[in-house]
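>>> No letters, just coordinates:
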């Protein structure tokens, strides 16, 4: 297996994982929106004032953190595989 083939495989799985992460985040944001909407509607029906917390920072930090973690994991896997490949090539 060549270095280019290893990089291509890691990149393919990185793209697939990024798409799954994006789908999960979209689902989580939709679920959060639905829960907030139902909470606001319930407060309106009861006649109670609704006080909202700012969640934009939390979502931004969560998305950035998960994407960074995913990127670092695939970067590490690629470097480990290339190191193993170089070691086996030099010993052969």
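Yep, that arrived. None of the values given here were measured: they were computed from a predicted structure.
>>> just checking, next helix/strand downstream of the longest helix along the chain?
Ranked by residue count, the top helix of the chain under DSSP state H comes out as helix 3-46. Going down the chain from helix 3-46, the next helix or strand is helix 56-91, by DSSP states H and E.
>>> quick one: buried residues of that following helix?
Counting neighbours by 16 or more other Cβ atoms under 10 Å, one finds that the buried residues in helix 56-91 are 74, 78, 81. Any C-beta I mention is one placed from the backbone N, CA and C, and that applies to glycine too.
>>> Off-centre distance for that helix?
Relative to its parent chain, helix 56-91 has a centroid offset of 12 Å by Cα atoms, centre = their mean, to the nearest Å.
>>> how close does residue 3 sit to residue 83?
11 Å (Cβ to Cβ, to the nearest Å).
>>> Find me the pLDDT at residue 55, would you?
At residue 55, the predicted lDDT confidence score is 72.
>>> need the contact list for it.
residue 32 (Cβ atoms under 8 Å, 6 or more residues apart in numbering).
>>> Going forward, count from 36.
Yes, from this point I'll number from 36; that puts the last item at residue 90.
>>> Can you give me the neighbour number for residue 48?
Close neighbours of residue 48, defined as other Cβ atoms under 10 Å, add up to 13.
>>> If we ignore the residues flanking it in sequence, what's nearest it?
Of all residues not flanking residue 48 in the chain, residue 109 sits nearest, at 7.1 Å (Cβ to Cβ, 6 or more residues apart in numbering).
>>> got a pLDDT number for that neighbour?
For residue 109, pLDDT reads 93.
>>> All good on my end, thank you.
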